[in-house]
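Chemist: Here is a sequence together with a model predicted from it:
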Amino acid sequence: MSDAEAVHEGGGDGEVDAALAALVTELGSCIESLRAARDRAEELQEQRAGGADWLTAVRAEEPPLIVERISQALGSLNTVGGRWRRREATALHASGMSINEIARLFGVTRQRASVLVREQADAGEGG
């Protein structure tokens, strides 16, 4: 049974719900990390306004650096968000939404929407 068939029969809802729960958790973590990055960026602005040179200001920064926090957030959201998008697309398709409708909803091409559903179905058949 493909993921799309499992979702349609209710058996795949757990995977979709788990992907959504993981997304909610990761969003919370990223928000906290990005708030800390923003706070540090504001401190950096104050230091620069006070005459500190870049080298001194950045050397005073405790890890993870602003750029590291941003990179980590983008990377984790790309991974977890991508998983959620594939599971959501598959669930919507299994519920009767056309690939064209999914494409419009997600703001992607029809071809990309088709790949999202197919990737998830292929992953389900392989495992």
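Modeler: Now that the structure is in, tell me what you want to look at. The structure displayed is predicted, hence computed values, not measured ones. Residues are numbered from 1 along each chain as shown.
Chemist: could you pull out the helices for the chain?
Modeler: With helices called from DSSP state H, the chain shows them at 3-8, 13-49, 54-59, 66-94, 99-106, 110-126.
Chemist: Let's have those in JSON lines, adding mean neighbour count and mean pLDDT.
Modeler: C-beta: built from backbone N, CA, C; applies to glycine. As requested, the helices of the chain are exported to JSON lines (neighbours: other CB atoms under 10 Å; pLDDT from 0 to 100):
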{"stretch": "helix 3-8", "mean neighbour count": "21", "mean pLDDT": "44"}
{"stretch": "helix 13-49", "mean neighbour count": "14", "mean pLDDT": "96"}
{"stretch": "helix 54-59", "mean neighbour count": "11", "mean pLDDT": "92"}
{"stretch": "helix 66-94", "mean neighbour count": "18", "mean pLDDT": "97"}
{"stretch": "helix 99-106", "mean neighbour count": "16", "mean pLDDT": "98"}
{"stretch": "helix 110-126", "mean neighbour count": "17", "mean pLDDT": "82"}
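Chemist: tell me the contacts of the residue of the chain positioned farthest from its centre?
Modeler: Using CA atoms, centre = their mean, the residue of the chain lying farthest from its centre is G51. It sits 38.1 Å away. The contact partners of G51, by CB atoms under 8 Å, 6 or more residues apart in numbering, come to none.
Chemist: for it, phi and psi?
Modeler: phi 100, psi 0 (degrees, to the nearest 10).
Chemist: Could you do E61 as well?
Modeler: Here E61 shows phi and psi, under degrees, to the nearest 10, equal to phi -70, psi 130.
Chemist: distance of S76 from D17?
Modeler: 20 Å (CB to CB, to the nearest Å).
Chemist: Repeat that for A94.
Modeler: A94 is 14 Å from D17, by CB to CB.
Chemist: Likewise for E43?
Modeler: 40 Å.
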